[in-house]
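Participant: how would this look folded up:
(chains A and B)
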Amino acid sequence: MSLLDRVPTGNGDLALLAGVCCVLIGGLFALTPLRAQLPSALYVFVEVGILFVIYGLLVLGLDLQYGHTGLVNFGHVAFFAVGAYGTAMLSAQDTFAGIGLGYPWPLALGVGVAAAALVGLAVSATSIRLRGDFLAIVTLAAAEILHSVFVNFEGIFGGNVGILGVPRPIAALAGDADTRLIATLLVIGGITLVSLAGVTRLTSAPYGRVLRAIRADELVTRSVGKSTVTYKTQAFVYGAALAGLAGGLFALYNGAVAPGFFTIQVTVTVWIGMLLGGAANHRAVLAGLAIIMGLRLISRFALDVTPVPSDVFASIRLIVVGLILVTVIRYRPAGIWGDAQELGVDR
Amino acid sequence: MSLLSADALVKEFGGLRAVDGLSVSVEAGELVGVIGPNGAGKSTLFNCISGVVTPDEGVVTYDGTEVTGDPPEALARRGLVRTFQATRELETMTVRDNVRLAAPDQPGEQTVPALVRTESMQTVEQSVRTRADELLETFELDHLADEYSANLSGGQRKLLELARALMLDPSVLMLDEPFAGVNPTLTDEIAEHIRELNENGMTVVIIEHELETLTELVDRLVVLQQGRVLVDGQPEDVLSDDRVIEAYLGGGV
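Facilitator: Predicted coordinates for the structure are as follows:
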């Protein structure tokens, strides 16, 4: 059997290796007296980096749903929020508002992921048979409903204050602020890399072939004997679970959750990142997300040197993001690294 | 007991009775042609049998069990495989992947084997690749294997669709207009493939407009008109039947 004939491994194994290494090194920082020194100018980069690897889990899940299977999910933030709230409410001690049960955080994280997957399953059970745009409307509506549930059921979810007092396992272990940031970035980044390996394996296997066939033509896929509803449900639930994992990790990093972290802005950022990079290509969507989040970082510095007030600047930033998206869609409709033939777009 | 039968099928779309109390049956190993003017209900009959639409009334039986309204994927897994009138390729996939997709019983199409890359998935995939390459070679598509199927010509699409259906190793192959929009040379070629499959024991049902090729090819012809069976018999007898000439050629011969 020649090497070429083997099932393509892609870079999944490399990501797996790198991910495990990152988690181990991060654990080393957290558990041993080893200390990291961080120049203060780099703080902001590491902070945005942590947010990037968390959002990275979101974009990987969304890409499994949209890029590979063609399911238009405009409510991705809902699963992120469910994972975060689930984890926070189970693990929080002495929360100011809402419910905090004070269970150990690993259990809470597990429950958060499971809750997100269950909400994903519930949305699929009712709506996965809907075609493209209709599923988009349902998911968008589901996300808005959940958002207002989180805001309005103050006794349970803490209203606009959210849930406070969530344990921060890495912060508790690491000695000082610098070490804490580095360890957090490494551990969560490692988890994201391991997830990248997982989705890469899934999509490069015959499993991914079925998903891409569903995206191309569902009736044909059924007529060659594949239960497309099962596959669509699975892809949707896996994407939701990844978003739930991202939410849980976010809660455990941030130490608090509130509705303000889970606005439609999150969904928009992740979608733009995916389309910019090129859907159906795991590394491309991560790169696209890096571009859009890097832009946010640059604009943070630019704000200090531009003579306009910050609210005007915020509008300018939105205009720039919009222009970039328009330019990419005009000249590279499949995204920067996307394959136009595979996505079926005209060049 | 026939291998595949439809009994008193009725399917209405709005006020239109596309299929109106239609009964046909196909024996194992037969090569049957279904003809009829536009709107006679040929494609609707196929859709009812293959589970793409559920008939309003009537019973479809396949291989000894009732399968009325069973979804297409369940029927395909049991060996009842169809193609489509307007070729439906998976345009955003390569020719190779189009054919490989149809492979039945690939454990790598489940999450856990795909994630851990089990030995059985690798072994099965190896034989899937060999089989797919053989089929591509048989249908002379091997030089296009890495091309996206959106780039194929009409005739090549018909061949690809046939190759993809054969990947499932069907017991009954239902072809919806396999010769439509195909040049005469390729028509003969496709007909030859079909004849060969049938001689090797596959039951084949063909819907077609093009009469000449079909009458030479099939054992039996079923003529539909306005959702009913008009005539059912040997090709020579059917073609000389006055009712068929009336219906098919509009009477103005």
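Participant: hey, where'd the strands end up in the stretch 51-200 of chain B?
Facilitator: Counting by DSSP state E, counting those that start in this stretch, the stretch 51-200 of chain B has these strands, from start to end: B:57-62, B:65-66, B:80-82, B:172-176.
Participant: is chain A contacted by the third one?
Facilitator: Yes. For strand B:80-82, a contact with chain A is found by CB under 8 Å from any CB of the partner chain, at B:81-82. In short, each C-beta sits where N, CA and C put it, glycine included.
Participant: Check the offset of that strand from the chain's centre.
Facilitator: Centroid separation between strand B:80-82 and its chain, computed with CA atoms, centre = their mean, to the nearest Å, is 6 Å.
Participant: any idea which helix or strand carries the residue nearest to A:Ser127 when sequence neighbours are not counted?
Facilitator: Nearest non-adjacent residue to A:Ser127, counting by CB to CB, 6 or more residues apart in numbering or on different chains: A:Val138, 4.4 Å away. Assigned by DSSP states H and E, A:Val138 belongs to helix A:132-152.
Participant: can you check A:Ile324 too?
Facilitator: Using DSSP H and E, the element containing A:Ile324 is helix A:310-331.
Participant: Next up, the contacts around B:Leu159.
Facilitator: Residues counted as contacts of B:Leu159 (CB atoms under 8 Å, 6 or more residues apart in numbering or on different chains) are B:139-141, B:186, B:190.
Participant: How about the residue in chain B that sits furthest from its center?
Facilitator: Of all residues in chain B, B:Val116 sits farthest from the chain's C-alpha centroid, using CA atoms, centre = their mean; the distance is 36.1 Å.
Participant: how much space between it and B:Asn38?
Facilitator: According to CB to CB, to the nearest Å, B:Val116 and B:Asn38 sit 52 Å apart.
Participant: circling back: distance check, the residue farthest from the centre of chain B against A:Leu64.
Facilitator: B:Val116 is 18 Å from A:Leu64, by CB to CB.
Participant: count of neighbours near the residue nearest to A:Ser127?
Facilitator: A:Val138 sits with 19 neighbouring residues when counted by other CB atoms under 10 Å in any protein chain shown.
Participant: do A:Phe52 as well
Facilitator: Look at A:Phe52: counted by other CB under 10 Å, it has 24 neighbours.
Participant: which SS class is it?
Facilitator: helix (DSSP: H, G, I helix; E, B strand; the rest coil).
Participant: and it, what is it in contact with?
Facilitator: Contacts of A:Phe52 (CB under 8 Å, 6+ apart): A:289-290, A:293.
Participant: where's the dip in pLDDT among those?
Facilitator: Among the contacts of A:Phe52, A:Met293 carries the lowest pLDDT, at 91.
Participant: so what's that one closest to, chain neighbours aside?
Facilitator: In space, A:Met293 is closest to A:Phe52, 5.1 Å off (CB to CB, 6+ apart).
Participant: can you list contacts of the longest helix seen in chain B?
Facilitator: Longest helix of chain B, by residue count under DSSP state H: helix B:119-138. With contact meaning CB under 8 Å, 6+ apart, helix B:119-138 is reached by A:1, A:5-7, A:205-206, B:95-96, B:99-100, B:103, B:105-108, B:113-114, B:142, B:145, B:163, B:166-167, B:193.
Participant: And stretch A:32-45, by the same measure?
Facilitator: A:28-29, A:46, A:175-176, A:178-179, A:181-183, A:297, A:300.
Participant: 6 Å instead, please
Facilitator: For stretch A:32-45, contacts defined as CB atoms under 6 Å, 6 or more residues apart in numbering or on different chains pick out A:28, A:178-179, A:182.
Participant: Need the distance between the two termini of that stretch.
Facilitator: One end of stretch A:32-45 to the other measures 24 Å (CA to CA, to the nearest Å).
Participant: Identify each buried residue in that stretch, please.
Facilitator: Neighbour-count burial for stretch A:32-45, counted by 16 or more other CB atoms under 10 Å in any protein chain shown, picks out A:36, A:38, A:45.
Participant: Dump those residues to a markdown table, plus secondary structure.
Facilitator: Output for those, formatted as a markdown table (three-state DSSP):
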| residue | secondary structure |
| --- | --- |
| A:Ala36 | coil |
| A:Leu38 | coil |
| A:Phe45 | helix |
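Participant: from the residues you listed, which is closest to A:Ala241?
Facilitator: A:Phe45 (29.2 Å; CB to CB).
Participant: pLDDT score for that closest one?
Facilitator: You'll see A:Phe45 listed with a pLDDT of 89.
Participant: ditto for A:Asn11
Facilitator: pLDDT, A:Asn11: 59.
Participant: repeat for A:Leu3
Facilitator: pLDDT at A:Leu3 comes out at 41.
Participant: Leaving out sequence neighbours, find the closest residue to A:Thr269.
Facilitator: In space, A:Thr269 is closest to A:Ile292, 6.2 Å off (CB to CB, 6+ apart).
Participant: what's the domain layout of chain A?
Facilitator: A:9-262, A:263-347 (automatic domain parsing).
Participant: Just give me the lowest mean pLDDT stretch among those domains.
Facilitator: With a mean of 86, domain A:263-347 has the lowest mean pLDDT of the domains of chain A.
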